[in-house]
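Peer 1: Give the three-dimensional model of this entry:
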Amino acid sequence: MWANQAGQYEEVRRPDDGELVGYVAPVDSPPGDSSLGGSSLGASSQCWQSMAVFGYPLGEPAGYTEAVDRLLRTGLEYLAEPWQVYLAADDRWYNCLLQEVSPSRVRLSISDYGSADFGAELTLHRPGADQLRPTRAW
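Peer 2: Numbers count the residues shown, from 1 in each chain. I've put the predicted structure just below:
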């Protein structure tokens, strides 16, 4: 699980069914910006980063309420979007679809139609941005 330098993060769950939709973590604000903040974990000089269930940062840091609202608005929608996985053996990025995610791992399948690896399933343990990325900005 990705965490900020202090290792702090808060779970964000859908109010109607309690499903985990991601996390928010306090991060440093840009210099001179004291307008963000708002939780027991952070001071008013912090921004909050929305993160996917498996810890991938979603969007830019924002105020606490905005970061939480971003996750509640998108729900788990971002998981259904196409992503890309980097395969070091081929030294390239492949389109993929996420099959199952948890805080510690992501199971995916290669969806690059022209690839010899099309349909192959992989499990990544705590993937970082150098290994897994969305195809569009969140």
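Peer 1: Centre of this protein to the edge, which residue is at the far end?
Peer 2: Relative to the centre of the chain, the most outlying C-alpha is that of A116, 28.0 Å out, by C-alpha atoms, centre = their mean.
Peer 1: Which helix or which strand is home to that residue?
Peer 2: Counting by DSSP states H and E, no helix or strand carries A116.
Peer 1: Off-centre distance for the helix ranked longest in the chain?
Peer 2: In the chain, assigned by DSSP state H, the helix with the most residues is helix 64-74. With C-alpha atoms, centre = their mean, to the nearest Å as the basis, helix 64-74 stands 13 Å off its chain's centre.
Peer 1: Okay, buried residues for the helix or strand following that helix please.
Peer 2: As assigned by DSSP H and E, the chain's next helix or strand after helix 64-74 is helix 77-80. Neighbour counts over helix 77-80 (16 or more other C-beta atoms under 10 Å) mark Y78, L79 as buried. (Glycine included, C-beta is placed from N, CA and C.)
Peer 1: Stretch 106-120 too?
Peer 2: Applying a neighbour-count criterion of 16+ other C-beta under 10 Å, the buried positions in stretch 106-120 are V106, L108, I110, S111, D112, D117.
Peer 1: Please consider this matter closed, and thank you.
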